[in-house]
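Asks: how would this look folded up:
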Amino acid sequence: MMINSAIVKKLDAYERLMRLDKPIGILLLLWPTLWALWVASNGRPDWLILLIFVSGTVLMRSAGCVMNDLADSKYDGLVERTKNRPLAIQEVSKKEALLLAAALTLLAFIFVCALNALTIALSLVALFLAMTYPWTKRFLAIPQAYLGIAFAWGIPMAFAASNNSVPSVAWVLLLANVCWAIAYDTEYAMVDRDDDLKIGILSSAITFGRFDVLAVMICYALSLMLLAWAGHLVNLGYWYYLGLVLAAGVALRHYFLIRERVKAQCFQAFLHNNWFGFAVFAGVVAHYCLT
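Replies: All right, here's what the predicted structure looks like:
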C-alpha cells in the first residue's frame, strides 16, 4: 500500500509538472492548429492528421511546461502563484524532469514521423521554439511575442501536413495568433508583474507599463484584422465573420475585466481566451458546413 501511495503521489506530481490539471494552455495551443487544419483541408481534415496534431499538441505543451519549470526552477519558489510547483518544492528532481521532457518530445516526434517530410522539418523548428521560449524571459522585452510564434507554429505544420505546402494564408494566420498570444499572455503577466519585477524576469506587462490595457486591446484588434484578412484570402463567408464578431465580443469583455488591473480578474480574462479561440473555430466550421 505504501508503494502504491508513493507511485500515485509521484504520478500526481508529474501531472502537475506537465500542467495536465490546467488544460487552458492546451486549448490555447490547439485552437489555432484547428483553424489551420480546417482551412487547409476546405473543411474536411484527414482524421489521422487531426489525431496526430491533437496528440502532438498535448505532448508538446506538456514538454514545454516541464522545460519552462526547469528554466525557472530558481525563480518559481519566489513567486506567489508558482511557489508550490513540483520542481520548486522538490517533489520532482531535475533529472526526472529532463527525462520526462525527453520522453514527451520523443513520443510527439514519433507521431509526426507518420507525416510528410516538410511537416517533419517544420516540427524541428517547433521543437526549437518550445525548448528555447523559457529562456527568452531573461532578455526579450516582450517574450510573449516569441511564445506566440511557438504557439502558432502548428499552423504552417497543419498546412504542410494537409497540402505539402505552406501558402501565404498560413503566415497571416500565424501573425494573427502572435498578436492574440501577446494579448492573452500580457493579461497573464499582469498577475505576476510585481513578483517579476522583484526577481528580474521580463514580460510584456512590465514593458507596456501603464499602457498595458491599451496594448492588450490593440493586440486583440490586430489579431481580428489579420484573421479577417486570412478569411478574405481563402474566400470564407459571413459565417466566419460572425465568428470573428463573437471573438471581438470576447475581447471587449476582457477590457472590462482588466481595466482596473485586479489580479484575479486579469487571470479570469486570460482563462476566458478559450472562448476567443473557440469563436474563431466555430466560424470556420460553420462556413464549411453551412455554405
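Asks: hang on, isn't residue 283 packed against residue 239?
Replies: Yes: using Cβ atoms under 8 Å, residue 283 makes contact with residue 239 at a distance of 5.8 Å. For the C-beta atoms, the positions are set from N, CA and C on the backbone; glycine is no exception.
Asks: neighbour-wise, which of those two wins?
Replies: residue 283 (24 against 17; other Cβ atoms under 10 Å).
Asks: where does the nearest residue to that one once chain neighbours are set aside land on pLDDT?
Replies: Spatially, and ignoring its direct neighbours in sequence, residue 283 is nearest to residue 243 (1.8 Å; Cβ to Cβ, 6 or more residues apart in numbering). We have a pLDDT of 98 for residue 243.
Asks: would you mind giving the secondary structure of residue 243?
Replies: Three-state call for residue 243 (DSSP: H, G, I helix; E, B strand; the rest coil): helix.
Asks: run through the residues that contact it.
Replies: 279, 280, 281, 282, 283, 284, 286 (Cβ atoms under 8 Å, 6 or more residues apart in numbering).
Asks: and the first one, how far from residue 288?
Replies: In this case it means residue 279. 16 Å (Cβ to Cβ, to the nearest Å).
Asks: these two: who's more crowded?
Replies: residue 279 (21 against 17).
Asks: pretty sure the more buried one is touching residue 241, no?
Replies: No: counting by Cβ under 8 Å, residue 279 does not reach residue 241; the two are 11.2 Å apart.
Asks: any low-confidence regions in the stretch 51-200 of the chain?
Replies: Flagging of the stretch 51-200 of the chain using pLDDT under 70 yields the residue ranges 77.
Asks: helices along that one, start to end?
Replies: All helices of the stretch 51-200 of the chain, identified by DSSP state H, counting those that start in this stretch, fall at 94-112, 117-136, 143-152, 154-163, 168-199.
Asks: tell me the angle the third one makes with helix 117-136.
Replies: Orientation note: helix 143-152 sits at an angle of 160 degrees relative to helix 117-136 (axes from the mean of the first three to the mean of the last three Cα atoms, to 10 degrees).
Asks: who does helix 143-152 touch, helix- and strand-wise?
Replies: Contacts defined by 3 or more Cβ pairs under 8 Å, 6 or more residues apart in numbering; DSSP states H and E place helix 143-152 against helix 24-40, helix 117-136, helix 168-199, helix 204-208.
Asks: redo these as a markdown table? Include distance to residue 227 and mean neighbour count.
Replies: Below are these laid out as a markdown table (distance: least, Cβ to Cβ, whole Å; neighbours: other Cβ atoms under 10 Å):
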| stretch | distance to residue 227 | mean neighbour count |
| --- | --- | --- |
| helix 24-40 | 8 | 23 |
| helix 117-136 | 21 | 18 |
| helix 168-199 | 5 | 22 |
| helix 204-208 | 20 | 22 |
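Asks: nearest to residue 216, of those?
Replies: Closest approach to residue 216 among the helices and strands packed on helix 143-152 is made by helix 168-199 (4.9 Å; Cβ to Cβ).
Asks: ok, back up a step: most neighbours of all the contacts of residue 243, which one?
Replies: Among these, the one with the most neighbours (other Cβ under 10 Å) is residue 280, at 29 neighbours.
Asks: so for the host helix or strand of that one, mean pLDDT?
Replies: If you go by DSSP states H and E, residue 280 is part of helix 263-290. For helix 263-290, the mean pLDDT works out to 97.
Asks: tell me the buried residues in that helix?
Replies: 265-270, 272-288 (16 or more other Cβ atoms under 10 Å).
Asks: looks like residue 166 contacts residue 156 (just checking).
Replies: Yes: in this structure, residue 166 is within contact of residue 156 by Cβ under 8 Å, at 4.6 Å.
Asks: neighbour-wise, which of the two wins?
Replies: The residue with more neighbours, out of residue 166 and residue 156, is residue 156; 23 against 20, by other Cβ under 10 Å.
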